[in-house]
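**Q** Could you work out the structure for the sequence below:
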Amino acid sequence: MPRRSDLEHKALQFISRTSDEGVLQVDLWHQLKASSREGSRIAIKLENKGFIRRERELFGGRWTYRLYPKKEPVSIISIKNCPCLICSDSIRCGAYGAISPNVCERLTTWAINLIHEKKSVPGDP
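**A** Residues are numbered from 1 along each chain as shown. Below you'll find the predicted structure:
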């Protein structure tokens, strides 16, 4: 029988692939080939760790939960327009060098703009 941490990892991967539509908890159990009891425990554990959110839903005349990922998988779009990609100093840039991302104004401005853009998207916390 697979270890619980392996099942948690598989569950989180499966839930993450569902993005906005989420997945019914019962479908997760079937995917993991786990019992309903074990599936519920895994879902609760992932929710407590902050990886997913659970919303109660009436499905087929019974109450169940729909599971949604809290974080989207990382994509190349997350670094779109990053100034480091076209910076002429990137060869000499390093954490402890004279040219450093720790004090780069272009990088700081880009990061601050990303934060402001994220806050201005409706429906996001």
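**Q** quick one: the helices in this protein?
**A** Counting by DSSP state H, the segments of the chain that form helices are 4-18, 25-32, 36-48, 105-120.
**Q** Give me the nearest residue to the most centrally placed residue in the chain, chain neighbours excluded.
**A** With distances taken as CA atoms, centre = their mean, the residue of the chain nearest its centroid is residue 71 (2.0 Å). Distance criterion CB to CB, 6 or more residues apart in numbering; nearest residue to residue 71, sequence neighbours excluded, is residue 51 at 7.2 Å. For every residue, glycine as well, the C-beta is placed using N, CA and C.
**Q** residues contacting that neighbour?
**A** Contact analysis of residue 51 by CB atoms under 8 Å, 6 or more residues apart in numbering lists 12, 15, 69, 70, 71.
**Q** what's the distance between it and residue 23?
**A** Remark: distance between residue 51 and residue 23 (CB to CB, to the nearest Å) = 13 Å.
**Q** Between these two, which contacts overlap?
**A** By CB under 8 Å, 6+ apart, the residues touching both residue 51 and residue 23 are residue 15.
**Q** follow-up on the earlier one: can I get the helices of the chain in TSV including mean neighbour count?
**A** Shown next, in TSV, are those (neighbours: other CB atoms under 10 Å):
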stretch	mean neighbour count
helix 4-18	16
helix 25-32	18
helix 36-48	17
helix 105-120	11
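**Q** which stretch among the ones you listed comes nearest residue 76?
**A** Within these, the stretch nearest residue 76 is helix 105-120; the backing value is 14.5 Å (CB to CB).
**Q** quick revisit: would you reformat the helices of the chain as JSON lines and include mean pLDDT and distance to residue 92?
**A** Below are those laid out as JSON lines (pLDDT from 0 to 100; distance: least, CB to CB, whole Å):
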{"stretch": "helix 4-18", "mean pLDDT": "85", "distance to residue 92": "37"}
{"stretch": "helix 25-32", "mean pLDDT": "90", "distance to residue 92": "49"}
{"stretch": "helix 36-48", "mean pLDDT": "91", "distance to residue 92": "43"}
{"stretch": "helix 105-120", "mean pLDDT": "85", "distance to residue 92": "14"}
